[in-house]
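A.B. asks: Could you look at this predicted model? Sequence included:
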Amino acid sequence: MEALKMCRYKHHLESCFEPKLEGCTTNIVYLSTIAPTEGTLQFMCAGDIEAYISHDNCWSLSEVQNQTSKCYLQYISSIQETLTSPTLLSDPKHIVGKQFCSIVGRSRECMHGATKQNCSDAAANTVYRLMERVFKEMTSFFSCPYNKNVADKGRKRVYQVY
């Protein structure tokens, strides 16, 4: 399984990030690029790998791979567009935060939906927990609001602004 191979190199990958981050403050480039990669590593390699592996038959479906790849590409495109916005540095933090919370919410729902459409609820919930960890630093930094209506339906938190 590819995830296990990734965990084997976790320390090496982290050692690539750390020198680049020394002396840096938390910024939106870090939050939208390196932090999600680190969140993925933490989820996969710190105990949740078993839950992920238990749904390997789902992740290997071409439909799931195609749809989640589209979700990822949408995330990257939206992040790049936002990061290159001429008003990014002049907009108030709450406006910038709203944009990033919206991107995170759409990405999480896209990944969850792509999995739920083709796999079990348990697999979709695993993806949801993964996405929650992937975006944890960004949602914390921007204090992203949660949609209580969706949470009340038994799902984990969903970002309200999207």
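C.D. replies: Received it, and whenever you're ready, just let me know what you need. Numbers count the residues shown, from 1 in each chain.
A.B. asks: Return the per-residue confidence for N57.
C.D. replies: In the predicted model, N57 carries a pLDDT score of 91.
A.B. asks: just checking, next helix/strand downstream of the strand or helix carrying it?
C.D. replies: According to DSSP states H and E, N57 maps onto helix 56-59. Using DSSP H and E, the helix or strand that follows helix 56-59 in sequence is helix 62-83.
A.B. asks: Restrict that next one to CA atoms and write it as CSV.
C.D. replies: This file holds the C-alpha atoms of helix 62-83, laid out as CSV (Å, rounded to 0.1, in the frame of the first residue of the first chain):
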residue,chain,number,x,y,z
SER,A,62,-10.8,4.3,-10.6
GLU,A,63,-14.0,6.4,-10.0
VAL,A,64,-12.8,7.4,-6.5
GLN,A,65,-9.3,8.1,-7.7
ASN,A,66,-10.6,10.2,-10.6
GLN,A,67,-13.1,12.2,-8.5
THR,A,68,-10.8,12.8,-5.6
SER,A,69,-8.1,13.9,-8.1
LYS,A,70,-10.5,16.5,-9.4
CYS,A,71,-11.2,17.6,-5.9
TYR,A,72,-7.5,18.1,-5.3
LEU,A,73,-7.0,20.0,-8.5
GLN,A,74,-9.9,22.3,-7.6
TYR,A,75,-8.3,22.9,-4.2
ILE,A,76,-4.9,23.7,-5.8
SER,A,77,-6.5,26.0,-8.4
SER,A,78,-8.6,27.9,-5.8
ILE,A,79,-5.6,28.2,-3.5
GLN,A,80,-3.4,29.5,-6.3
GLU,A,81,-6.0,32.0,-7.4
THR,A,82,-6.5,33.3,-3.8
LEU,A,83,-2.8,33.5,-3.1
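A.B. asks: Show me what that helix is packed against.
C.D. replies: On a contact count with 3 or more CB pairs under 8 Å, 6 or more residues apart in numbering; DSSP states H and E, helix 62-83 meets helix 28-32, helix 93-118. Backbone N, C-alpha and C define where each C-beta goes, glycine included.
A.B. asks: got a list of contacts for the first one?
C.D. replies: Which is helix 28-32. Under the contact criterion CB atoms under 8 Å, 6 or more residues apart in numbering, helix 28-32 has outside partners 21, 24, 79, 82-83, 88, 96, 100, 103, 137-138, 141.
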